[in-house]
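based on what follows, work out the 3D shape:
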Amino acid sequence: MKKFSFFMALILIMSLLISCGSAASDTNTNTSNAVNTEISNDDSQTKKDQYAIGIIQLAPHVALDNGYKGFVDALANRGYVEGENLTLDYNNAQGDQSNTTTIAQKLVNAKPDLIFAIATQSAQAVASQTTDIPIVITAVTDAAQSGLVKDNNKPDTNVTGTSDLTPVKEQMELIKELLPETKSVGVIFNSSEDNSLIQAKMAQEALEELGIDYVELTVSKTDEISQVVQSAMGKVDVMYTPTDNLISNNMTAVTNITTPAGVPVFCGEEGMLEGGGLLTYGVDYYELGKQAGEMAADILEGKSKPQDMAIQTMSDPVFKVNLELAKELGVEIPEKYLD
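Got it, this is the predicted structure:
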């Protein structure tokens, strides 16, 4: 009996030891699973190895080209470099509205991480094709009035970006300051561009406040420009063009007539000076593109969503003047602007 009792006690002790070892093993296994789960969660929050951005630009001209350059440079500064961790699918519609639709469909079908749209018609084309892919815009005067967002301060759509709304009222006041004898201003723009219609209306209201006649000069295609400008000579003292894509791309068609006639052309943006415009007090498209690039980077990094990102504008307009042309036209530029 003593031997039996000894063996029973030994078996009981061994069972307890095995049970404790098993419990310890279970504890170690659960701890290991917890660590693995935590690592997995951290990995899911890291950056992707590759990003794809589709780009649609309305037309090839200095202002829009600069917007694209600024966008790419801003992304590079944030660590998104083409050829390394970024693929850019650049498309230019060459000023053809039908091309914007085709390009927009192609970009949406490719399902990139983000789409960058340069100019109002490009933005409208791509926004009509998707409500899911984030869209960042630039060179759009009024995103809300163009139907791209519900409110410029809180888009509440998949669209956000930067506006090229120029200080139109201040531009009209500049005409009055530099050329106080001005009686009438001819405002030339493409009547099919929403951004131009908005600015033309602003110019009309500002000119009326200044007691200057507003002469509306509308075109719808390139071959109408020369005829419309020629018909205005002798009727206007100054010409003004807002940030209009059609006019910007064909500035020489305007200035080849206005300059010999002694009529200065005030412009919505500095790229137009290369085509013979006199001066501008407006936006810098490269800087607007950079702002858009910063917004795109925030979206890619998950810091912000388009629907919550207010449309941004430039806080400091840029003054640029063609001094040689000013001398030729007899327009004196005050020293404060030259400084």
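
report pLDDT for the residue nearest the centre of the chain.
Geometric centre of the chain, nearest residue: T138, 1.9 Å, by CA atoms, centre = their mean. Note on T138: pLDDT of 98.

what are the ranges of the helices in the stretch 201-339 of the chain?
Ranges of helices within the stretch 201-339 of the chain are 225-232, 245-248, 251-258, 285-300, 323-329, 335-338, based on DSSP state H, counting those that start in this stretch.

helices or strands up against the last one?
Just to be clear, that refers to helix 335-338. In this structure, helix 335-338 makes packing contacts with strand 318-321, judged by 3 or more CB pairs under 8 Å, 6 or more residues apart in numbering; DSSP states H and E. C-beta: built from backbone N, CA, C; applies to glycine.

how does it look with 7 Å?
Helices and strands touching helix 335-338, by 3 or more CB pairs under 7 Å, 6 or more residues apart in numbering; DSSP states H and E: there are none.

related to what we said a few turns ago, continuing past the host helix or strand of the residue nearest to the centre of the chain, what's the next helix or strand?
When elements are defined using DSSP states H and E, T138 is found to belong to strand 135-140. Stepping forward along the backbone from strand 135-140, the first helix or strand reached (DSSP H and E) is strand 159-163.

that following strand - contacts with which helices or strands?
Using 3+ CB pairs under 7 Å, 6+ apart, strand 159-163 sits against strand 135-140, helix 285-300.

pick the most buried one from these.
Highest mean neighbour count among those (mean count of other CB atoms under 10 Å): strand 135-140, with a mean of 30.

give the pairing partners of that strand; include direction for each.
strand 114-118 (parallel), strand 159-163 (parallel) (DSSP bridges).

TSV please, covering the ones you listed and showing mean pLDDT.
Shown next, in TSV, are the strands paired with strand 135-140 (pLDDT from 0 to 100):
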stretch	mean pLDDT
strand 114-118	98
strand 159-163	98
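
redo those strands as TSV? Include mean neighbour count and distance to G275.
Shown next, in TSV, are these (neighbours: other CB atoms under 10 Å; distance: least, CB to CB, whole Å):
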stretch	mean neighbour count	distance to G275
strand 114-118	29	19
strand 159-163	28	23
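
redo those as TSV? Include distance to K221.
Shown next, in TSV, are the strands paired with strand 135-140 (distance: least, CB to CB, whole Å):
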stretch	distance to K221
strand 114-118	21
strand 159-163	26
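
ok, which of those comes nearest T259?
T259 lies closest to strand 114-118 among the strands paired with strand 135-140, at 29.3 Å (CB to CB).

what angle do the closest one and helix 285-300 make?
Counting by axes from the mean of the first three to the mean of the last three CA atoms, to 10 degrees, strand 114-118 lies at 160 degrees to helix 285-300.

burial of the nearest residue to K183 once chain neighbours are set aside, as a residue count?
Distance criterion CB to CB, 6 or more residues apart in numbering; nearest residue to K183, sequence neighbours excluded, is D237 at 5.7 Å. By the measure other CB atoms under 10 Å, the count of residues near D237 is 18.

nearest to E173, out of the helices of the stretch 201-339 of the chain?
Ranking those by proximity to E173 (CB to CB) places helix 335-338 first, at 12.9 Å.

now do the domain split for the chain, please.
51-165+284-308, 168-282+318-338 (automatic domain parsing).

how about the residue lying closest to P242 once chain neighbours are set aside, what does it touch?
Computed as CB to CB, 6+ apart, the closest residue to P242 that is not its neighbour in sequence is Q199, at 3.5 Å. Q199 makes contact with T141, T166, V168, P242, T243, G268, according to CB atoms under 7 Å, 6 or more residues apart in numbering.

and the closest residue to the first one other than its chain neighbours, what are its phi and psi?
Translated: T141. Nearest residue to T141, sequence neighbours excluded (CB to CB, 6+ apart): N195, at 3.5 Å. Torsion angles at N195 (phi, psi; degrees, to the nearest 10) stand at phi -60, psi -30.

do you know how far N195 is from D244?
Counting by CB to CB, to the nearest Å, the gap from N195 to D244 is 8 Å.

so where's the chain uncertain?
Low-confidence segments of the chain, defined by pLDDT under 70, span residues 1-46.

show me where it has strands.
51-57, 86-92, 114-118, 135-140, 159-163, 184-190, 213-219, 238-241, 265-269, 279-283, 318-321 (DSSP state E).

does the residue nearest to the centre of the chain touch E294 like I think?
No - with contacts defined as CB atoms under 7 Å, T138 does not count as touching E294, sitting 11.5 Å away.

end-to-end on stretch 89-104?
Length of stretch 89-104, first residue to last, CA to CA, to the nearest Å: 12 Å.

hmm, who's touching that stretch?
Applying CB under 7 Å, 6+ apart, the external contacts of stretch 89-104 come out as 54-60, 107, 110, 112, 121-122, 125-126, 129, 245, 249.

related to what we said a few turns ago, tell me which of the helices of the stretch 201-339 of the chain lies nearest to T313.
Judged by CB to CB, the one of the helices of the stretch 201-339 of the chain that comes nearest to T313 is helix 285-300, at 8.3 Å.

what's the offset of the closest one from the middle of its chain?
7 Å (CA atoms, centre = their mean, to the nearest Å).

what's the angle from it to strand 86-92?
Going by the same axes, to 10 degrees, helix 285-300 makes 130 degrees with strand 86-92.
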